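# Quick one, fold the following:
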Amino acid sequence: MKKVLVVNDNEKIQSIVRTFGELLSFAAIQATSLKEGKDLYDQNQDVDLIVMDGSVDNNHELDSIPLVKEMRKTYEGPILAASSNFLYNEDLIRAGCSHKIDSPGDLIAKIRLILGIE
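Numbering: from 1, shown residues only. Modelled structure (predicted):
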């Protein structure tokens with residue numbers, strides 16, 4: 001089973017990814033803070049995908065770039081920039097994310113595409 005680490009403080013996003021994970025047979029490992037995201041990554045470096053929000057600990061401020069850069073030191077797999085603020089997604093791409101969502105409804109389709117799930 002594929003594993004997806006989701007670093008996002010939005011409970012609705014967490015629920016959507018968890019539900020689709022169950023339906024599409026991938027395990028969603030979920031973090032609601034940057035510290036929790038780092039800790040879960042350290043424990044699960046074999047994840048198949050990391051989904052990264054732009055603003056996790058600071059409501060409405062871009063704060064996840066340092067974590068993306070830290071993960072990129074050891075993680076060569078895909079990182080999906082998945083912020084509802086699309087300008088943040090561009091910043092996350094420059095910081096080391098490999099993919100980005102183009103709209104809020106794009107999240108599950110991008111996860112499926114990256115993981116190769118029909």
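
# From here on, just use CA atoms for contacts and neighbour counts.
OK.

# Helix or strand: which one has the residue nearest in space to the middle of the chain?
With distances taken as Cα atoms, centre = their mean, residue 51 lies nearest the centre of the chain, 1.0 Å away. Per DSSP states H and E, residue 51 falls inside strand 49-52.

# Could you do residue 40 as well?
Taking DSSP H and E as the definition, one finds residue 40 inside helix 34-43.

# now the strands: where do they sit in this structure?
2-7, 26-31, 49-52, 79-81, 99-100 (DSSP state E).

# mean confidence for the longest helix belonging to the chain?
What stands out as the longest helix in the chain, according to DSSP state H, is helix 11-24. The average pLDDT within helix 11-24 is 94.

# between the helix holding residue 40 and strand 2-7, what angle do the directions make?
Put simply, helix 34-43 runs at 160 degrees to strand 2-7, going by axes from the mean of the first three to the mean of the last three Cα atoms, to 10 degrees.

# Helix 34-43 - contacts with which helices or strands?
With contacts taken as 3 or more Cα pairs under 8 Å, 6 or more residues apart in numbering; DSSP states H and E, helix 34-43 sits against strand 2-7, strand 26-31, helix 65-72.

# and it, how far out from the chain's middle?
The chain centroid and the centroid of helix 34-43 are separated by 12 Å under Cα atoms, centre = their mean, to the nearest Å.
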